[in-house]
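Peer 1: Build me a structure from this.
(chains A and B)
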Amino acid sequence: MKVATLNINNINKRLDNLLAWLAKAQPDVVSLQELKAEQEAFPVDALRTIGYEAVWQGERSWNGVAILARNHVPVLTCTSLPENSAGHYPDHQARYIEAAVQGVLITSIYLPNGNPQPGPKFNYKLAWFERLIAHAAKLMASGAPVVLAGDYNVVPTPQDIYPTRSLDNNALIQPESRQAFARLLAQGWTDAMRKLHPTGPLWTFWDYKFERWQKDKGMRLDHFLLSPNLSAHLVDGGVDRWARGQENASDHAPTWITLDL
DNA sequence: ATGTCACATGTTATGTGA
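Peer 2: As a prediction, the model looks like this:
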């Protein structure tokens, strides 16, 4: 099973890019973020024409998440994270969807960016992260095969970003963000891409600004976390950098893994 | 610090989110 994740950054503006990548990459399951489309504006017909069924949670202008499956209808299990007990952060943002495909539970996570930091957006990021950690603990305890896929908006370690001091105050690299990611991993999840490629750059995102793509100054923001019963079945993975170089591309590249089930 | 991109409001630009 080939599973991919992609922050598409507006599914309708980049529909041709998405269709071209799907046709070439042929993933079985896709976790999509930043649809930037209302529920009714999701391009269900165009995707169905090339063999993909979908579940999605849309939102006007911002956010939005989806799960696609080739020749299968994903079985929707939830469209938001549960509120946490501290829960004074009612979530009206479409940042989480979860579905089962052929016996594997797949997520699309769009963790808040959190900039500027410090501030209310960073607080929202950390609070949202706590809700994710709580929900992930339940999934882990269930013993189900799970792929926690998505755009975590976290650079997990210094080797996951080009050398710079200009982002020292950026929410993506703050110790609090990294510690939350590490706490999630410590539940027993495997960071699939780092398991396959333990060292070296694994950029999945290049800012549109400042010629970051041309200079290959990227970051690793998009991750697959595997439950223990899946990590032994991980056989391959990569980043489809070619898609980032296409005209009208998202600022993220599609990232994928294959599981031998 | 900044040179991008897209959306919303409702313009001949400006604010915002990323």
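Peer 1: Any residues of the stretch 51-200 of chain A in contact with DNA strand B? List them.
Peer 2: The stretch 51-200 of chain A has residues A:60, A:61, A:62, A:112, A:113, A:115, A:121, A:166 near DNA strand B, with proximity defined as C-beta under 7 Å from any atom of the strand. Quick note: C-beta positions are derived from backbone N, CA and C, even for glycine.
Peer 1: now with 10 Å?
Peer 2: A:59-63, A:93, A:95, A:110, A:112-116, A:119-121, A:124-125, A:151, A:153, A:164-169, A:171-172 (C-beta under 10 Å from any atom of the strand).
Peer 1: From those, which land in helices?
Peer 2: A:120, A:121, A:124, A:125 (DSSP state H).
Peer 1: Give me the buried subset of these.
Peer 2: By neighbour count, with 16 or more other C-beta atoms under 10 Å, these hold A:124, A:125 as buried.
Peer 1: so can I have CSV of the ones in helices among the residues of the stretch 51-200 of chain A next to DNA strand B showing pLDDT?
Peer 2: Below are those laid out as CSV (pLDDT from 0 to 100):
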residue, pLDDT
A:120, 90
A:121, 92
A:124, 93
A:125, 94
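Peer 1: Out of the ones in helices among the residues of the stretch 51-200 of chain A next to DNA strand B, the closest to residue A:68 would be?
Peer 2: Minimum distance to residue A:68 across those is 26.2 Å, recorded for residue A:125 (C-beta to C-beta).
Peer 1: Just the closest residue of the stretch 151-261 of chain A to DNA strand B, please.
Peer 2: residue A:208 (3.5 Å; C-beta to the nearest atom of the strand).
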